[in-house]
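Enquirer: Quick check, what structure comes out for this input:
(chains A and B)
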Amino acid sequence: MNIDATTLPLLFFVFVLAMFLGVELIKKVPSQLHTPLMSGSNAISGITIVGALIASGRQDSAAVVTVLATLAVTFAMINVVGGYLVTDRMLQMFKSKTKDGGKA
Amino acid sequence: MNPQLIRGLCYIVASGFFIFGLKMLSSPRTARRGNIISAIGMLIAIATTLTALTDIKWVWLLAGAGIGSVVGALAARLVKMTSMPEMVGLFNGFGGLASLLVGWSEFHFNWAGTDPLSLFTTVAIFLTVLIGGVTFTGSLVAFGKLAGMITGKPVLYKGQNIANAAILAAIVAVGIFFCVLRPDQPDAGGSALVYSLLILAIIQAFTLGVLSTIPIGGADMPVVICLLNSYSGLAACAAGFAIGNNVLIVSGSLVGASGLILTRIMCKAMNRSLANVLFSGFGAATTAQGEGYQGEAKPVSAQDAYLMLEAATSVVFVPGYGMAAAQAQHGVRELGELLEQNGAEIKYCIHPVAGRMPGHMNVLLAEANVPYELLVEPQDVNPTIETVDVAVVIGANDVVNPAAKEDQNSPLWGMPIIEVDRARTCIVLKRSLNPGFAGVDNPLFFKDNTRMLFGDAKASIGALVSEFKQ
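Expert: Modelled structure (predicted):
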């Protein structure tokens, strides 16, 4: 896909705004949750799966493209599935004192 | 309605879910739901993309997605909480590799095609491959160091900076050639030269990833992991530019920003610049000074340590990597509970760089069922630390080293520490008097109010717990 002169500034526009938004969002995450934040954002960086799927689903593509795209799908999927599951596993361990007191 | 428009809207919804999910990570109460919302966003993005494909090769697709899901799920279930830094490090690398492969396949598809690549797309592909490649091998080295497969010490050699500068210059040169000779130039379509430049760029990126990570020591791994986390996002972002997809750009930059902020927090917590962390080979050079601190450490038996703790009304635990290495977190929680029953006020003070990744100690203590309200930061404890009866340091070293504020010549000078030396008594659980990972001697061990409880952290904590139960 080639990008024309009208889309190009829009892509950069999105990029810059998303960077600023990211900074504002992440600043509010307490240091307690930095490990889940990293594994969770790891899962989000698995969004490259979208690119991998597009590459794998094209008509008339060479076998090389299919192999590369399938490998990309595999690794991105490890990130997505592993990232979200391990983050969930960690976050369910964070318990409040009040909740815990009821059980003990 | 136009299907492309609907897909565009779905991608916006998916981005919104990612943003909302990250926002809910701002409190431990909502964090778990936030993670699920983020996962739903990913599901929407994947489903939307599938509807856009004209020729789905199901066998390939299901094989790739299936293997990836199984590996990911197994890793997520089986990994020990102490090994979380290794896992995150490895996953960063996979993210980078996936983006690299996306860039490569995009290039191959258009290389000899009828719609050759424009300058902009070529640059984006080059950046995707470069960042993705550096992330991949850099993460593998970080993983090897964290898992103990490669030495955790900085690997330094003569002319290291020159070698790195040379490879960087070579990458720029290849990049310029690659973009000038891009496939939409006359006679360049399908040319083997352009393709070989891409392969060369991949090899160079792999080399740079290795060379730039090996000089960084084990104690600086939190910074490296954060930085690689950021790179993996930026690689996805670059892939988004290459294929003109907004959802990749948004999510990639969110991750990129997250990694950068964490990197900054880690550097600040060590009072060092990022350049210093990346290029100085900290810990290798400084061990040479080794004049040592004068004085005598005062060892204490578990029984005497018990008597101190038994009389204490306020106790602060300071965990470090040693607690993770000894798997002592469950014992620590048990001891904390016994002290609470004994009427003492308990806190767990966690330094931002304790452990091998940001928040590492918090996860371990959460695993051991310590309520998150008890986990506090140094600035919550330091102002009133004189009123603390006993500070128990478990396998932490550099983050409690008073040389950071007393000795201007110390490599740690200026680093914010947990000032346990100002507590009424300080019990240090440690194997020996050896310096920490930064290779810097710790005068804390020789202070009048410090007692050393030598031995494995888990065994020492166990001994204290059984003293309490008697």
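Enquirer: give me the element the residue most central in space within chain A is part of.
Expert: For chain A, the residue sitting closest to the mean C-alpha position, by C-alpha atoms, centre = their mean, is A:Ile44 at 1.0 Å. Assigned by DSSP states H and E, A:Ile44 falls within helix A:34-45.
Enquirer: and that helix, what does it pack onto?
Expert: Here helix A:34-45 touches helix A:83-91, helix B:3-24, helix B:31-52, helix B:84-111, helix B:221-243, helix B:246-269, helix B:360-367, going by 3 or more C-beta pairs under 8 Å, 6 or more residues apart in numbering or on different chains; DSSP states H and E. All C-beta spots, glycine's among them, are computed from the backbone N, C-alpha and C.
Enquirer: these two touch, right, the residue nearest to the centre of chain A and B:Ser251?
Expert: Yes - taking C-beta atoms under 8 Å as the definition, A:Ile44 is a contact partner of B:Ser251 at 5.0 Å.
Enquirer: what touches both of these two?
Expert: Shared contacts of A:Ile44 and B:Ser251, defined by C-beta atoms under 8 Å, 6 or more residues apart in numbering or on different chains, are found at B:18, B:233.
Enquirer: Skipping its backbone neighbours, what lies nearest B:Asn342 in space?
Expert: Leaving aside its chain neighbours, B:Asn342 sits nearest to B:Glu310 (6.5 Å; criterion: C-beta to C-beta, 6 or more residues apart in numbering or on different chains).
Enquirer: Return the set of buried residues in the helix or strand that contains the one you found.
Expert: In this assignment (DSSP H and E), B:Glu310 forms part of helix B:302-311. Using 16 or more other C-beta atoms under 10 Å in any protein chain shown as the test for burial, helix B:302-311 gives B:302, B:305-306, B:308-309.
Enquirer: Format the helices and strands packed on helix A:34-45 as TSV; extra columns: distance to B:Val277.
Expert: Output for these, formatted as TSV (distance: least, C-beta to C-beta, whole Å):
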stretch	distance to B:Val277
helix A:83-91	25
helix B:3-24	26
helix B:31-52	28
helix B:84-111	16
helix B:221-243	5
helix B:246-269	6
helix B:360-367	17
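Enquirer: Any regions of the stretch 351-470 of chain B where pLDDT drops low?
Expert: Applying pLDDT under 70 to the stretch 351-470 of chain B picks out residues B:434-439.
Enquirer: Same check on the stretch 51-200 of chain B?
Expert: In the stretch 51-200 of chain B (pLDDT under 70), the answer is B:114, B:183-190.
Enquirer: which residues in it form helices?
Expert: Per DSSP state H, counting those that start in this stretch, the stretch 51-200 of chain B carries helices over the ranges B:58-78, B:84-111, B:119-146, B:160-180, B:192-213.
Enquirer: what's the answer for the stretch 351-470 of chain B, then?
Expert: B:360-367, B:378-381, B:403-406, B:457-469.
Enquirer: pretty sure B:Ala242 contacts B:Trp104?
Expert: No - here B:Ala242 lies out of contact with B:Trp104, judged by C-beta under 8 Å, at a distance of 10.2 Å.
Enquirer: sorry, back to before: for the buried residues of helix B:302-311, please prepare TSV with the additional fields pLDDT.
Expert: Output for the buried residues of helix B:302-311, formatted as TSV (pLDDT from 0 to 100):
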residue	pLDDT
B:Ala302	89
B:Ala305	92
B:Tyr306	92
B:Met308	92
B:Leu309	92
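Enquirer: still on that earlier bit, how far out from the middle of the chain is the helix holding A:Ile44?
Expert: Counting by C-alpha atoms, centre = their mean, to the nearest Å, helix A:34-45 is centred 8 Å from the centre of its parent chain.
Enquirer: Lowest average confidence across helices and strands of chain A, where is it?
Expert: One helix or strand of chain A scores below all others by mean pLDDT, DSSP states H and E: helix A:97-103, with a mean of 52.
Enquirer: Tell me which residues touch the residue in the stretch 151-300 of chain B positioned nearest to chain A, please.
Expert: Closest contact between the stretch 151-300 of chain B and chain A, by C-beta to the nearest C-beta, is at B:Ala257 (2.8 Å). Under the criterion of C-beta under 8 Å, 6+ apart, the contact list for B:Ala257 reads A:18-23, A:25-26, B:230, B:233.
Enquirer: Run a quick neighbour tally on the closest residue to B:Phe178 other than its chain neighbours.
Expert: Distances taken as C-beta to C-beta, 6+ apart put B:Leu197 closest to B:Phe178, at 4.4 Å, once the chain neighbours are dropped. A total of 22 residues lie near B:Leu197 under the criterion other C-beta atoms under 10 Å in any protein chain shown.
Enquirer: wait, doesn't B:Leu197 sit right on B:Leu181?
Expert: Yes - applying C-beta under 8 Å as the test, B:Leu197 and B:Leu181 come out as touching, 6.9 Å apart.
Enquirer: ok, now how distant is the residue most central in space within chain B from B:Ala269?
Expert: In chain B, the centroid-proximal residue (C-alpha atoms, centre = their mean) is B:Ile225; its distance is 3.2 Å. Per C-beta to C-beta, to the nearest Å, B:Ile225 is found 14 Å from B:Ala269.
Enquirer: Show me what from the stretch 251-400 of chain B comes close to chain A.
Expert: Contacts of the stretch 251-400 of chain B with chain A, taken as C-beta under 8 Å from any C-beta of the partner chain, map to B:251-262, B:265, B:350, B:352, B:357-360, B:362-363, B:366-367, B:369, B:371-375, B:377.
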